[in-house]
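Q: got a structure for you, letters missing:
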């Protein structure tokens, strides 16, 4: 056995063990890494506000704290208003449920000639096995819901702390990162950081504008229909539809439809139609223009990045995919050499026919037909078409006369060579003189 074989086997086993250990650690820490990624993009989003406050002489830590405090107050106020609205509407629905049930029973009895009573239906529901199993499952699921709520709060705290540190110690973080790189790489890292801040801020700005437009449009509809809590519902639709990816649109439209159903079932249908129509308007007209101006990314690229981000990281990937792709596109654009495009009609999608500028298709087909085997030679009149009678008479007059004027005077037309005539003339002249 070679002496190097045991050492190679030990090295291979060590590499496999290190790979397995790294894979296990990555899967264990993937939740923390995702939280850090969200915190980093959140810090990039609030970086302009923190830098503006720091420019007035305020410490970055205090400026970051004030920005987070403002966001916390706005979020807490919105959640409080939304929670009170939902609680009031749920209580109203529970109080009005017997009236809804009576109306449904009366409709069924009138159309199907039955004799249903509300008391019988209530007793059947209370003594049903389905309700008993549902209550048991709900009781056992309370612990799971509590665990998920606590886990969500811990994730929010983790994201908040990391984003606070990233925003407050941004200059120190950039200095520590650039200290291990050569000067040329330092400039590239700082430029990439600046591009990321601009693109993330532009993405948040465009989403805020679309949320404002959506909120105003839905507020006008809800106010016209007389739906209660129209301002809060409009804010709900605007924020949830823009800042919750994938399911945000459906989740935002479900709550106004539910509240409208308590007023009039037809109002819920109108709200559904308006939500669908406005969503199409936003996707095909409003969002491409705002995204092109603020993030500078093509709508198709934005759509593909959202799908890819959702496949990789779920809802978090869908949320951060657009600013990440916009940053990458802007950073790599500086290293791509571009050339001037030729002024070719095919660039604009205009197709050119083969042999452009020559005879048309009909003319070429006629020429092939005339040159077919056994076809008669075309006359001048056939080739020229219908001619003028006067010009025909003028052209026929020289042919009828036998005078010398009708003969061609061009030597090439007579078939004689001019060089043959010159010696003969010179000979005659010499004989005459002699």
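A: On my side now, so go ahead. What you see is a predicted model; the values in this text were computed from it and never measured.

Q: Identify the residue spatially nearest to the residue most central in space within the chain, adjacent ones excluded.
A: Nearest residue to the geometric centre of the chain (C-alpha atoms, centre = their mean): residue 299, 2.7 Å. In space, residue 299 comes closest to residue 288 once its chain neighbours are excluded; the distance is 4.3 Å by C-beta to C-beta, 6 or more residues apart in numbering. To be clear about C-beta, it is placed using only N, CA and C from the backbone, and glycine gets the same treatment.

Q: try residue 169
A: residue 60 (7.6 Å).

Q: Ok, residue 105 next?
A: In space, residue 105 comes closest to residue 116 once its chain neighbours are excluded; the distance is 5.0 Å by C-beta to C-beta, 6+ apart.

Q: what's the burial count for that neighbour?
A: Residue 116 has 13 neighbours, counted by other C-beta atoms under 10 Å.

Q: Residue 340 and residue 347, how far apart?
A: Counting by C-beta to C-beta, to the nearest Å, the gap from residue 340 to residue 347 is 12 Å.

Q: for residue 147, same thing?
A: Residue 147 is 59 Å from residue 347, by C-beta to C-beta.

Q: which helices and strands sit right next to the strand or helix carrying residue 167?
A: If you go by DSSP states H and E, residue 167 is part of helix 129-168. The contact analysis (3 or more C-beta pairs under 8 Å, 6 or more residues apart in numbering; DSSP states H and E) places helix 129-168 against helix 4-55, helix 60-112.

Q: relative to helix 129-168, how tilted is the shortest one?
A: Interaxial angle of helix 4-55 relative to helix 129-168 (axes from the mean of the first three to the mean of the last three C-alpha atoms, to 10 degrees): 80 degrees.

Q: Now do helix 4-55 and helix 60-112, the angle between them.
A: Orientation note: helix 4-55 sits at an angle of 90 degrees relative to helix 60-112 (the same axes, to 10 degrees).

Q: for helix 4-55, packing partners?
A: Applying 3+ C-beta pairs under 8 Å, 6+ apart, one finds that helix 4-55 contacts helix 60-112, helix 129-168, helix 170-178, helix 183-225, helix 315-333.

Q: Mind putting the ones you listed into a markdown table with mean pLDDT, mean neighbour count and distance to residue 308?
A: Shown next, in a markdown table, are the helices and strands packed on helix 4-55 (pLDDT from 0 to 100; neighbours: other C-beta atoms under 10 Å; distance: least, C-beta to C-beta, whole Å):
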| stretch | mean pLDDT | mean neighbour count | distance to residue 308 |
| --- | --- | --- | --- |
| helix 60-112 | 83 | 13 | 29 |
| helix 129-168 | 80 | 13 | 22 |
| helix 170-178 | 89 | 13 | 27 |
| helix 183-225 | 86 | 17 | 16 |
| helix 315-333 | 79 | 19 | 7 |
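
Q: Could you export the ones you listed to JSON lines, including columns for distance to residue 20?
A: Output for the helices and strands packed on helix 4-55, formatted as JSON lines (distance: least, C-beta to C-beta, whole Å):
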{"stretch": "helix 60-112", "distance to residue 20": "40"}
{"stretch": "helix 129-168", "distance to residue 20": "27"}
{"stretch": "helix 170-178", "distance to residue 20": "30"}
{"stretch": "helix 183-225", "distance to residue 20": "33"}
{"stretch": "helix 315-333", "distance to residue 20": "26"}
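
Q: Which one, of those, ends up nearest to residue 40?
A: Taking C-beta to C-beta, helix 129-168 is the member of the helices and strands packed on helix 4-55 nearest to residue 40, at 5.8 Å.

Q: That closest one vs helix 170-178, what angle?
A: Using the same axes, to 10 degrees, the direction of helix 129-168 lies 80 degrees away from that of helix 170-178.

Q: So what's the gap between helix 129-168 and the chain middle?
A: Distance of helix 129-168 from its chain centroid, counting by C-alpha atoms, centre = their mean, to the nearest Å, is 33 Å.

Q: With stretch 181-201 instead?
A: Relative to its chain's centre, stretch 181-201 lies at 25 Å (C-alpha atoms, centre = their mean).

Q: what's the answer for stretch 67-83, then?
A: Taking the mean of its C-alpha atoms, stretch 67-83 sits 30 Å from the chain's own mean (C-alpha atoms, centre = their mean).

Q: Same check on stretch 330-341?
A: In this view, stretch 330-341 has its centroid 21 Å away from the chain centroid, taken as C-alpha atoms, centre = their mean.

Q: quick one: terminal-to-terminal distance for that stretch?
A: Using C-alpha to C-alpha, to the nearest Å, the end-to-end distance of stretch 330-341 comes out at 21 Å.

Q: re the thing from before, more neighbours, residue 340 and residue 347?
A: residue 347 (9 against 5).

Q: and the gap between the residue nearest to residue 299 and residue 329?
A: Look at residue 288 and residue 329: by C-beta to C-beta, they are 16 Å apart.

Q: So the closest residue in space to residue 301 that isn't next to it in sequence versus residue 300, what's the distance?
A: Leaving aside its chain neighbours, residue 301 sits nearest to residue 325 (6.5 Å; criterion: C-beta to C-beta, 6+ apart). Separation of residue 325 from residue 300 (C-beta to C-beta): 12 Å.

Q: ok, now residue 96?
A: Note on residue 96: its distance to residue 300, by C-beta to C-beta, is 48 Å.

Q: try residue 60
A: 39 Å.

Q: Run a quick neighbour tally on residue 50.
A: When neighbours are defined as other C-beta under 10 Å, residue 50 has 23 of them.
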